[in-house]
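K.L.:
sequence first, predicted model second:
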There are 2 protein chains.
Amino acid sequence: MPKVVDRAQQRRDIGAALLRLLAREGLEEVSVRTVAAEAGRSAGAVQKYFSSKDELLRFALDLTGERATERLLRVDPAGPTKDVLRRYVEATLPLDEDRRAEAVVWAAFAVRGALRADFGAVLAEVDREVRGHLAELLGAALAAGRIRQDLDPFAVADALIAVSDGLSVRLLYNPDDQAVLLTALDTALTALLGAGTDEL
Amino acid sequence: MPKVVDRAQQRRDIGAALLRLLAREGLEEVSVRTVAAEAGRSAGAVQKYFSSKDELLRFALDLTGERATERLLRVDPAGPTKDVLRRYVEATLPLDEDRRAEAVVWAAFAVRGALRADFGAVLAEVDREVRGHLAELLGAALAAGRIRQDLDPFAVADALIAVSDGLSVRLLYNPDDQAVLLTALDTALTALLGAGTDEL
DNA sequence: CCGTTTAGAATACGAGTGTATCCCAAAAGC
DNA sequence: GCTTTTGGGATACACTCGTATTCTAAACGG
């Protein structure tokens, strides 16, 4: 009897429009009406799928987490440990328009997470997964004797995440320093893994 | 003839109220009226000192930069290089309410700087100064043979800033991981400077 | 002490906000 | 093909926003 559509897909479409808008104009420009316009719908249509603005933002945050995870899963895990890790980090750095958009969204939600525990919990969970993944990778390299033997995989993983996030934020407002900051990434990777291992 | 007040001081007072509010409630709660209320004044009074909201935010950003610089200048520069650097980094990490407030403000403006070049320029300038300061410190330690001799002071400085910023952001939305993240800071410092130098 | 200048409060205005409600058209089951 | 359910557009409402304007009271120079 009813007119039926794919609700999940509609939500994803609207969420995608929100992320586009957020990356382009910033969080303060996000409203039910502007998101609806970006999605090519009326404000009422958006309301059918998200009963409040908060729910809309929460969904957009989850969507960003999914996208980040997907991007990390696409990274080629073959080759020297340092190169693999560099690829992981570069997968999240704002080095082109797509990654920049994601980084803007991530940073905007990070700030929101500083004051709203429910948003912070989502980000913390994403970190926890990435940290586990990196530590696993480092543990394997450790067991194979391909990196320095005195490393703590989790501590190195946390340090890498920090470097990645720090470079990401700085690239956002200072894209001119891209070359310099990629050098810094290389320095950090070399230092953290121990210079000249992996070739042994 | 006129009724006269210390305009610069009034601006600083209002700016301080803005930073308090921003740290406590987030950027989206900052308006001319809420800032005025936080400062114990009327909205009209705020308008006398800041002709637009944008000017108000710009001033608050400058004020945050000054505060960060002051905090860094108060760091004790004596002792082993690694300890000094740890103190510098910890001076900016959100490890108590004051530093947390500053970190929230900084992060909020960083996101704004991603989309508004004029805000980004202020942040880039602060980074430039900190980077120069750190590189100078590292250069001196290098000349004195107290750290690994193959280090590039500027690359290490950039890596340190990245680690610091990354840890800062993550601590904002995930304060429970404080102990783990301070371990990661130690790991990063040790790795970047070369384990076991400085004691030589 | 008076006239002038400014601080600062109050008010007004148009625009945009989130949300609630109403209405119509489209789709599916009988 | 009619009825019923729903998608989705339109509208309404109360509120906040940034900014412009207007007003009063206080402080200084003559």
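P.N.:
Looks like it came in fine.

K.L.:
so for stretch A:129-136, what gets flagged as buried?
P.N.:
The neighbour-count check on stretch A:129-136 (16 or more other Cβ atoms under 10 Å in any protein chain shown) flags A:Val130, A:Arg131, A:His133, A:Leu134, A:Ala135 as buried. All C-beta spots, glycine's among them, are computed from the backbone N, C-alpha and C.

K.L.:
could the residues you listed go into CSV alongside distance to DNA strand D, pLDDT and secondary structure?
P.N.:
Putting the buried residues of stretch A:129-136 into CSV (distance: Cβ to the nearest atom of the strand, whole Å; pLDDT from 0 to 100; DSSP: H, G, I helix; E, B strand; the rest coil) gives the following:
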residue, distance to DNA strand D, pLDDT, secondary structure
A:Val130, 34, 96, helix
A:Arg131, 38, 97, helix
A:His133, 37, 96, helix
A:Leu134, 40, 97, helix
A:Ala135, 43, 97, helix
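
K.L.:
kindly provide the distance from the spatially most central residue of chain A to A:Asp98.
P.N.:
Chain A has A:Ala68 as the residue nearest its centroid, 4.2 Å off, counting by Cα atoms, centre = their mean. A:Ala68 sits 12 Å away from A:Asp98, going by Cβ to Cβ, to the nearest Å.

K.L.:
likewise A:Asp83?
P.N.:
With Cβ to Cβ as the criterion, A:Asp83 and A:Asp98 are 22 Å apart.

K.L.:
what of A:Ser51?
P.N.:
30 Å.

K.L.:
when those two are compared, which one has more neighbours?
P.N.:
Set A:Ser51 next to A:Asp98 and count neighbours by other Cβ atoms under 10 Å in any protein chain shown: A:Asp98 wins out with 12 against 9.

K.L.:
give me the distance between that one and A:Thr92.
P.N.:
From A:Asp98 to A:Thr92 the distance is 11 Å (Cβ to Cβ).

K.L.:
mean confidence for the host helix or strand of A:Gly166?
P.N.:
Take DSSP states H and E as the rule and A:Gly166 turns out to sit in helix A:153-173. Helix A:153-173 carries an average pLDDT of 98.

K.L.:
that one: which residues count as buried?
P.N.:
A:153-173.

K.L.:
please apply the same query to stretch A:74-82.
P.N.:
A:Val75, A:Thr81, A:Lys82.

K.L.:
so which of these reach DNA strand C?
P.N.:
The subset of the buried residues of stretch A:74-82 within reach of DNA strand C, by Cβ under 7 Å from any atom of the strand, is empty.

K.L.:
what's the closest of these to A:Leu61?
P.N.:
A:Val75 (22.3 Å; Cβ to Cβ).

K.L.:
if I look at that closest one, how far off is A:Ala68?
P.N.:
When A:Val75 is compared with A:Ala68 (using Cβ to Cβ), they lie 12 Å apart.
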